[in-house]
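Colleague: have a look; sequence and predicted model below, questions after that.
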Amino acid sequence: DGGITQSPKYLFRKEGQNVTLSCEQNLNHDAMYWYRQDPGQGLRLIYYSQIVNDFQKGDIAEGYSVSREKKESFPLTVTSAQKNPTAFYLCASSIFSAIDLQGDYGYTFGSGTRLTVV
Amino acid sequence: KQEVTQIPAALSVPEGENLVLNCSFTDSAIYNLQWFRQDPGKGLTSLLLIQSSQREQTSGRLNASLDKSSGRSTLYIAASQPGDSATYLCAVVSFGNEKLTFGTGTRLTIIP
């Protein structure tokens, strides 16, 4: 079955440590996204990528980094510069930029990674 | 800047009732609007996607409508069941900002 796989499901980070969240998709989607979800604040965009080897900052990119070396993979690194990393992280993908296809296609989300600072 | 609002933040209804969830957005220049469901601690499941040229979409007991000119969408759930209990999120993709902008969701509880 096609879909998005996020791992691990739960992740614990010590102060000053970098951690990497995995996101893999087998939907042959071009665009991939990382969102952060906090209680009462909805989902906020961290980074997105529309093609391999290119990515753009979202609304809350500070303290995060990404790479897009393969179409299927879009890992997110939470660096020690992110002062409040405890949150639920969601990865998503879509076929193309909405502009190309006049909004015909929607987004597919993974099951999320819950990151906790210990 | 596009802003998406969902009211109420929480809703409880008895099983079997029909119900409507509301979503409003400030900028009518959108490509599409998507409704999602999220169970506690889980990812998002797409329910319905309405393109900007469409007025409504239906899937089973769910019907979503879109009125771009007024900046509103509704999600109608018929004959509610306890399994419908979840948080429902709407999101839009806007011209000039081709990423999803989310509302904060409505937490729905169906009382058996």
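Modeller: Thanks, I have the structure now. Numbering: from 1, shown residues only, chains lettered A, B, ... in the order given.

Colleague: what pLDDT is listed against residue 41?
Modeller: Reading this off chain A. On pLDDT, A:Q41 comes in at 77.

Colleague: meant chain B actually
Modeller: 88.

Colleague: mind listing the strands for chain B?
Modeller: B:4-5, B:10-14, B:19-25, B:30-38, B:44-51, B:56-59, B:62-67, B:72-77, B:86-94, B:97-102, B:106-111 (DSSP state E).

Colleague: partner strands of the first one, with direction?
Modeller: So that's strand B:4-5. Strand B:4-5 has the following sheet partners, assigned by DSSP bridges: strand B:19-25 (antiparallel).

Colleague: again, but for the fifth one
Modeller: Strands that pair with strand B:44-51, judged by DSSP bridges, come out as strand B:30-38 (antiparallel).

Colleague: now do the strand it pairs with: distance to the chain's middle.
Modeller: Between the mean C-alpha location of strand B:30-38 and the chain-wide mean there is a distance of 6 Å, by CA atoms, centre = their mean, to the nearest Å.

Colleague: so what touches it?
Modeller: A:98-99, A:102-104, A:106-107, A:109, B:2, B:23, B:25, B:44-52, B:62, B:64, B:66, B:68, B:73, B:75, B:86-95, B:98, B:100, B:105 (CB atoms under 8 Å, 6 or more residues apart in numbering or on different chains). From N, CA and C alone the C-beta is placed, and that goes for glycine too.

Colleague: so which residues on chain B come close to chain A?
Modeller: Contact residues (CB under 8 Å from any CB of the partner chain) of chain B with chain A: B:30-32, B:34, B:36, B:41-46, B:49, B:51-53, B:89, B:91, B:93, B:98-100, B:102-105.

Colleague: quick one, which of those residues are buried?
Modeller: B:30-32, B:34, B:36, B:43-44, B:46, B:49, B:51-52, B:89, B:91, B:93, B:98-100, B:102-105 (16 or more other CB atoms under 10 Å in any protein chain shown).
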